[in-house]
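A.B. asks: Mind folding the following:
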Amino acid sequence: MLAVIPARGGSTGLPGKNIRSFAGLPLIAHSILLARACPDIERCLVSTDSEEIARVARDFGAEVPFLRPQELARVDTPIWPVLHHALDFAERDNKKYPFLLLLDPTSPTRLPEDISVAFRRLVANPSADGIVSASRPDFNPLWHCVVEKDGWMQDLLPQGSGLERRQEAPPVFRINGLLYIWRTEFVRSQDSWRTGRNLLYETPELRAVSIDDLTQFQRAELLVTSGLIRLPWLKSLS
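C.D. replies: Purely as a prediction, here's the structure:
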């Protein structure tokens, strides 16, 4: 399995977030150390356009064999072409990787067992193109979510009008960004991961962290430093 950590340098929501100190380590270091702890990962590449991020990533043992082209480092660049670029580079010497793991550095609360369990589920299901982490939010959109239309409150989803009690709402999950694993033949052949047949890997909502701004950063860091979320690679720092 090839792991790719995409880390663009020009964050707008929280400048410098990928190398900002998070629970005593640069944020990106958590994804790198996670990858190093997973025996199923054969190779881990950091894709960045920033020399500073590249330097920090190398300090923690990551491979940064290229700087991402500027046309793939804009604020509106989708992740799919970034993965295509990294995969093409990794396989340019005719080395093939059957699986690709996306590790977003802004979701530092995944665990090694998440990767191994999800990976084995995907391997065991040949008809699946990938597996994506999701969690049950603290509210159910079918029951709680509404919109205002013409001055009146209406259900966001039409199924909500048929529910009499919250307990009647079927379970709903949200994609949380902790992990995405795909077969590389699927990545090469498609323009979006959402076109595929993806398995759902459930993680606890407590660890469903995705950092885009300072408030999210501080909240996630508090969960880790308080011990509510325990990251195994931090034991050596204590």
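
A.B. asks: just the strands in this structure please.
C.D. replies: Applying DSSP state E to the chain gives strands spanning 2-6, 21-22, 25-26, 43-47, 99-102, 130-135, 146-149, 152-155, 174-183, 198-202.

A.B. asks: What residues of the lowest-mean-pLDDT helix or strand in the chain count as buried?
C.D. replies: Lowest mean confidence among the helices and strands of the chain (mean pLDDT, DSSP states H and E): helix 141-144, at a mean of 74. For helix 141-144, a neighbour-count test (16 or more other C-beta atoms under 10 Å) marks 141, 142, 143 as buried. Where you see a C-beta, it was placed from the backbone N, CA and C, and this is true even at glycine.

A.B. asks: Then stretch 78-93?
C.D. replies: For stretch 78-93, the buried set under the neighbour-count rule, 16+ other C-beta under 10 Å, comprises 79, 82, 83, 84, 85, 86, 87, 90.

A.B. asks: Compute the distance between the residue nearest to the spatial centre of the chain and residue 167, please.
C.D. replies: If you average the C-alpha coordinates of the chain and look for the closest C-alpha using C-alpha atoms, centre = their mean, you land on residue 177, 3.3 Å from that point. Distance check for residue 177 against residue 167: by C-beta to C-beta, to the nearest Å, it reads 28 Å.

A.B. asks: okay, now the domains of this protein?
C.D. replies: 2-137+173-237, 138-171 (automatic domain parsing).

A.B. asks: which regions of this protein lie under the pLDDT threshold?
C.D. replies: Low-confidence segments of the chain (pLDDT under 70): 160-161, 164-165, 168, 236-238.

A.B. asks: can you pull out the helices in it?
C.D. replies: Taking DSSP state H as the test, the helices found in the chain are 27-36, 51-59, 79-90, 112-123, 141-144, 184-189, 214-225.
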